[in-house]
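[1] Give me a 3D structure for the following:
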Amino acid sequence: ARMSMAECLRIRRLLCSGKERLPVASALHLFGLIAMSSGNYDEALSLLEEALEIRQQLMDSHDHLLLLNSQVALGMVHYKLNNLDNAMDCFSVALEGRMQRLGTDHISVSEVLQGIGDTYSSAEEYQKAFQTLEEVLRIRKAAAASGGNKLEVAETLNSLSLILFKSGDIEKAIELSEEALELLKSGVDFDHLLVGKALKNIGDYYQETEAYDDAMEAYSESLRIMTAWYGREHVFLSEVLNEIGVTRFKNGEYMVAKHSFTEALRLMRLTHTEDNKSAIFPTLNHLGHALYKNNELKQAAEMYIESFNMQVSIVTGDANDGLKEFGTKLNTIKERIASMEQKED
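    So this is what the prediction gives:
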């Protein structure tokens with residue numbers, strides 16, 4: 001799909017110019033959605049912003065549905081990039097326009113409300129998130145009862161379960177996530193990507209309740225499905241691998257945990273940028289813990305030091321000074337470990 005859209009965009013740029021550039025905007029928009037689905041969020045943002053700019057220049061009506069579609073897509077990318085204020089700005093424009101053009105109970109309105117609910121959830125405004133997503137669920141269930149898409153209902157149930165989990169109601173979170181999973185399995189005859197995401201959440205919930213065998217069953221199936229979609233070398237797999245490592249560690253399986261953390265870290269480093277340092281250093285810590293439990297002290301210290309140095313580069317001010325001091329102490333520990341190993345030799 002990516003290769004086809006790149007060629008399509010190249011041809012349309014050659015053939016369409018001036019006031020005839022709307023086909024270019026359509027290609028940019030679709031290319032941006034593909035990039036977002038693949039996790040290339042910066043590229044997606046650039047493509048979708050260019051698509052919106054062309055549409056704004058060439059369309060007379062500010063609430064044209066194509067313009068609103070661009071705002072929704074941009075909101076989703078900003079949400080993925082954790083630019084929550086920007087995401088909410090885009091969703092607000094899209095919501096107002098779609099409600100005016102399509103009515104308050106239209107399924108396309110629920111798409112925007114879903115984005116708003118997920119954004120509230122990421123901002124830890126759980127009450128607003130839950131209320132918004134309950135409205136989404138109402139609209140989507142009504143549409144599904146009339147022959148609409150059950151997958152959208154499952155998506156919302158999955159989001160609601162995550163809010164309940166974060167709010168401490170794990171039992172209800174498991175109930176909703178399993179309801180979502182049943183809808184997904186009955187709604188498609190193949191391993192849909194949403195099934196993999198739902199299973200990952202279910203694994204998290206079981207892990208929290210110390211039901212480690214159930215958690216591992218969910219994680220393993222999630223990993224299988226996501227590998228089928230993305231291949232073995234995609235950073236999206238690292239999140240599941242990291243949680244498999246955490247589950248193995250909690251269950252006392254330190255060697256297996258080490259291998260899971262190592263593979264998760266390897267995949268994370270494939271896209272190691274300034275933006276994802278905050279995702280990498282917790283895995284460095286986890287790997288350090290596993291190495292320590294396996295009595296690999298020197299390697300454990302290396303992981304801890306790299307983690308703290310990474311955090312130093314993120315944090316500023318007094319907290320930064322504190323991390324630097326702690327990092328110095330870790331370096332001292334590392335040197336002592338090396339000295340002890342030399343004496344043993």
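
[2] ok, residues contacting stretch 170-182?
    Here stretch 170-182 makes contact (CB atoms under 8 Å, 6 or more residues apart in numbering) with 153-155, 157-158, 160-162, 164-165, 195, 198-199, 201-202, 205-206, 208-209. (Glycine included, C-beta is placed from N, CA and C.)

[3] Buried residues in that stretch, which are they?
    Residues 170, 173-174, 176-177, 179-181 are the ones in stretch 170-182 that count as buried (16 or more other CB atoms under 10 Å).

[4] taking those one by one, which sit in helices?
    Using DSSP state H, the subset of those located in helices is 170, 173-174, 176-177, 179-181.

[5] of all the residues you listed, which comes closest to His106?
    Nearest to His106 among these, counting by CB to CB, is Ala180 at 22.5 Å.

[6] how far away is the closest one from Tyr304?
    Separation of Ala180 from Tyr304 (CB to CB, to the nearest Å) stands at 38 Å.

[7] Gly117 now?
    Look at Gly117 and Tyr304: by CB to CB, they are 38 Å apart.

[8] Which one's more surrounded, the two?
    More neighbours surround Gly117 than the other of Gly117 and Tyr304, with 27 against 23 (other CB atoms under 10 Å).

[9] elements contacting the helix or strand harbouring that one?
    Per DSSP states H and E: Gly117 is located in helix 107-122. Judged by 3 or more CB pairs under 8 Å, 6 or more residues apart in numbering; DSSP states H and E, helix 107-122 is in contact with helix 65-80, helix 84-102, helix 126-145, helix 150-166.

[10] Now do the closest residue to Tyr230 other than its chain neighbours: how many residues are near it, please.
    Nearest residue to Tyr230, sequence neighbours excluded (CB to CB, 6 or more residues apart in numbering): Phe236, at 5.4 Å. By the criterion of other CB under 10 Å, Phe236 has 17 neighbours.

[11] repeat for the one 5 residues further on
    Other residues near Leu241 come to 23 when the count uses other CB under 10 Å.

[12] picking that back up, out of the helices and strands packed on helix 107-122, which is closest to Ala51?
    helix 65-80 (5.7 Å).

[13] Show me what counts as buried in the closest one.
    Under 16+ other CB under 10 Å, the buried positions of helix 65-80 are 66-80.

[14] Equivalent analysis for stretch 23-31, please.
    Those would be 23-31, for stretch 23-31 by 16+ other CB under 10 Å.
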